[in-house]
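Novice: Sequence unavailable; structure follows:
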């Protein structure tokens with residue numbers, strides 16, 4: 001990652017705030033010298049904000065993927081004899097409950113971030129999911145596990161929109177898409193970390209059949225991140241200025257017809273009350289639905305499908321699944337890191353179309369594959385690149401450009417997490433879906449049709465490349 005360019009020598013980067021504002025989100029980066037590198041003008045403050053938000057998101061990725069890997073051995077340990085007769089149902093139920101909590105928590109956290117601030121909400125979120133992820137290691141029954149997963153989901157869901165809003169509102173416009181892409185890569189980094197930890201635990205089994213508990217216990221470590229965040233992060237000035245100036249309209253287009261009032265409208269109501277904002281929220285949520293359902297109903301089955309290929313090839317169990325997970329997430333991280341550069345190069349609409357074409361093509365290629373495991377790893381890399389990398393990066397880059405600071409976290413959370421309020425049912429029905437379609441491959445190939453939404457909706461979305469962030 002390029003290093004920040006300092007103005008005025010060591011230690012001077014944090015002092016001249018007026019200079020930072022001149023290069024920041026408010027003026028569209030118009031004062032940046034033509035031909036200067038994209039990171040020109042970034043200071044220590046910008047990188048601290050990115051790093052602090054990244055730390056929170058990396059453990060979100062760890063926690064989400066840790067659940068996928070550890071759930072089956074966890075349930076084998078805590079299910080009663082009667083419950084153990086339906087393991088697939090309880091796997092899906094645990095994931096579905098986590099997703100439901102994620103969706104509800106995301107909506108609540110996004111709204112809260114527009115009222116109490118980005119920094120404060122991020123700290124509450126990270127502390128909450130660290131605590132309840134760690135407590136999951138001590139679950140002794142499915143009821144305890146499900147309750148802890150739901151509460152953990154509440155905390156996880158509320159972190160994303162706050163971090164995205166904070167980075168978007170503090171980074172200069174020319175660097176903003178790259179910074180948001182870097183931030184999104186934290187999820188992939190956390191997923192790789194979880195895959196590596198699980199691969200080590202599966203190979204060594206330090207606690208025997210109870211080794212899954214270590215994976216969740218390590219999820220408590222982000223609590224210490226809050227100590228760093230208290231010192232490193234600063235609140236978004238753009239958000240504070242918007243609240244102080246009582247700019248409540250959800251979009252710049254709607255601001256022309258929205259009367260100025262000292263009484264703040266409820267942010268969740270406001271994004272649906274204004275016509276242009278409502279149109280953008282609904283269209284973006286359709287795209288988010290395609291991304292979220294596509295991942296949970298298609299890509300999340302790749303580890304099981306990989307193990308099936310390995311079994312058919314006579315390979316040992318629990319080796320190729322984690323290996324594929326690492327490679328898949330490396331593909332996602334690669335996409336996250338370059339997503340801002342690609343979106344700036346070809347525009348937001350073209351980026352969306354490229355993303356969903358890639359999701360369809362790589363999903364078909366993976367689930368039609370019947371050959372060797374080594375070539376399949378290359379397909380897994382590409383599938384991760386599109387279905388987890390590009391397919392989630394557009395929300396980090398694009399949503400902040402559609403809405404104003406007064407409702408930005410609310411709108412992003414509705415789009416990002418609203419789809420989860422629908423998608424949470426798919427893991428629960430996974431067993432029935434697989435049975436109905438005659439196998440994992442047939443079910444995944446059919447459900448990958450959801451990505452077709454991404455070939456239609458972008459044509460109705462505004463192109464925001466090169467425009468300053470709405471204020």
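Specialist: That came in fine, so what should we check first? No experiment lies behind these values; they were computed from the predicted model shown.

Novice: Can you list the residue ranges for helices in the stretch 1-150 of the chain?
Specialist: Counting by DSSP state H, counting those that start in this stretch, one finds helices in the stretch 1-150 of the chain at the ranges 17-23, 44-78, 87-116, 118-136, 142-170.

Novice: looking at the ones you listed, which is buried most?
Specialist: Greatest average neighbour count among the helices of the stretch 1-150 of the chain goes to helix 142-170 (a mean of 26), per mean count of other Cβ atoms under 10 Å. Where C-beta positions appear, they are placed from N, C-alpha and C, glycine not excepted.

Novice: mean confidence score for it?
Specialist: Across helix 142-170, pLDDT averages out at 88.

Novice: relative orientation of it and helix 44-78 in degrees?
Specialist: Between helix 142-170 and helix 44-78, the angle comes out at 170 degrees (axes from the mean of the first three to the mean of the last three Cα atoms, to 10 degrees).

Novice: Please name every helix or strand in contact with helix 142-170.
Specialist: Applying 3 or more Cβ pairs under 8 Å, 6 or more residues apart in numbering; DSSP states H and E, we find helix 142-170 packed against helix 44-78, helix 87-116, helix 118-136, helix 176-204, helix 237-244, helix 408-418.

Novice: Turn these into CSV, including distance to residue 438.
Specialist: Shown next, in CSV, are those (distance: least, Cβ to Cβ, whole Å):
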stretch, distance to residue 438
helix 44-78, 22
helix 87-116, 15
helix 118-136, 34
helix 176-204, 29
helix 237-244, 51
helix 408-418, 32
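
Novice: Which one of those lies nearest to residue 388?
Specialist: Among the helices and strands packed on helix 142-170, helix 176-204 comes nearest to residue 388, with 6.7 Å by Cβ to Cβ.

Novice: follow-up on the earlier one: now the helices of the stretch 1-150 of the chain in JSON lines, with distance to residue 374?
Specialist: Below are the helices of the stretch 1-150 of the chain laid out as JSON lines (distance: least, Cβ to Cβ, whole Å):
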{"stretch": "helix 17-23", "distance to residue 374": "47"}
{"stretch": "helix 44-78", "distance to residue 374": "22"}
{"stretch": "helix 87-116", "distance to residue 374": "28"}
{"stretch": "helix 118-136", "distance to residue 374": "34"}
{"stretch": "helix 142-170", "distance to residue 374": "34"}
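
Novice: nearest to residue 294, of those helices?
Specialist: Ranking the helices of the stretch 1-150 of the chain by proximity to residue 294 (Cβ to Cβ) places helix 87-116 first, at 13.9 Å.

Novice: picking up where we left off before, which of the helices of the stretch 1-150 of the chain has the lowest mean pLDDT?
Specialist: helix 17-23 - the lowest mean pLDDT of the helices of the stretch 1-150 of the chain, at a mean of 43.

Novice: Show the average pLDDT along stretch 286-296.
Specialist: Here stretch 286-296 scores 91 as its mean pLDDT.

Novice: can you list contacts of that stretch?
Specialist: 95, 99, 352, 356, 359, 363, 387-388, 391-392, 394-395, 415-416, 418-420, 422-423, 426-427, 447-448, 450-454, 457-458 (Cβ atoms under 8 Å, 6 or more residues apart in numbering).

Novice: go again using 7 Å as the cut-off
Specialist: Outside of stretch 286-296, the residues within contact range by Cβ atoms under 7 Å, 6 or more residues apart in numbering are 352, 356, 359, 387-388, 391-392, 395, 415-416, 418-420, 422-423, 426-427, 448, 450-451, 453-454, 457.

Novice: Also stretch 458-465?
Specialist: If you take Cβ under 7 Å, 6+ apart as the criterion, stretch 458-465 is touched by 283, 344, 347, 348, 349, 352, 353, 398, 401, 402.

Novice: neighbours around the last one, how many?
Specialist: If I follow you right, that is residue 402. By other Cβ atoms under 10 Å, the residues close to residue 402 number 25.

Novice: Quickly note the distance from the closest residue to it other than its chain neighbours to residue 286.
Specialist: The shortest distance from residue 402 to any non-neighbouring residue, by Cβ to Cβ, 6 or more residues apart in numbering, is to residue 280 (5.0 Å). According to Cβ to Cβ, to the nearest Å, residue 280 stands 11 Å off from residue 286.

Novice: hang on, the earlier thing: is it possible to mark the buried ones in the contacts of stretch 458-465?
Specialist: Taking 16 or more other Cβ atoms under 10 Å as the criterion, what is buried in these is 283, 344, 348, 349, 352, 353, 398, 401, 402.

Novice: Turn those residues into a markdown table, columns for secondary structure, distance to residue 206 and pLDDT.
Specialist: A markdown table is the format used below for those (DSSP: H, G, I helix; E, B strand; the rest coil; distance: Cβ to Cβ, whole Å; pLDDT from 0 to 100):
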| residue | secondary structure | distance to residue 206 | pLDDT |
| --- | --- | --- | --- |
| 283 | helix | 49 | 97 |
| 344 | helix | 46 | 95 |
| 348 | helix | 47 | 96 |
| 349 | helix | 50 | 97 |
| 352 | helix | 45 | 98 |
| 353 | helix | 47 | 98 |
| 398 | helix | 43 | 96 |
| 401 | helix | 47 | 95 |
| 402 | coil | 48 | 95 |
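
Novice: tell me the two of those that are most distant?
Specialist: 283 and 344 (21.3 Å).

Novice: hang on, the earlier thing: so which of the contacts of stretch 286-296 are in helices?
Specialist: Secondary structure assignment by DSSP state H places 352, 356, 359, 391-392, 395, 415-416, 418, 420, 422-423, 426-427, 453-454 of the contacts of stretch 286-296 in helices.

Novice: got a pLDDT number for residue 43?
Specialist: pLDDT, residue 43: 91.

Novice: Tell me if I'm right that residue 163 and residue 56 touch.
Specialist: Yes - the pair residue 163 and residue 56 qualifies as a contact (Cβ atoms under 7 Å) at a distance of 5.8 Å.

Novice: got any residues that touch both of the two?
Specialist: Applying Cβ under 7 Å, 6+ apart, one finds that residue 163 and residue 56 are jointly contacted by residue 122.

Novice: quick one on the thing from earlier: show me how to select, in ChimeraX, the buried members of the contacts of stretch 286-296.
Specialist: Selection command for ChimeraX covering only the buried members of the contacts of stretch 286-296, criterion 16+ other Cβ under 10 Å:
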select :352,356,359,387,388,391,392,395,415,416,418,419,420,423,426,427,448,450,451,453,454,457
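
Novice: low pLDDT regions in the stretch 151-300 of the chain?
Specialist: 256-262 (pLDDT under 70).

Novice: Next, the contact list for the closest residue to residue 220 other than its chain neighbours, please.
Specialist: Spatially, and ignoring its direct neighbours in sequence, residue 220 is nearest to residue 134 (2.8 Å; Cβ to Cβ, 6+ apart). Residues near residue 134 by Cβ under 7 Å, 6+ apart: 216, 217, 219, 220.
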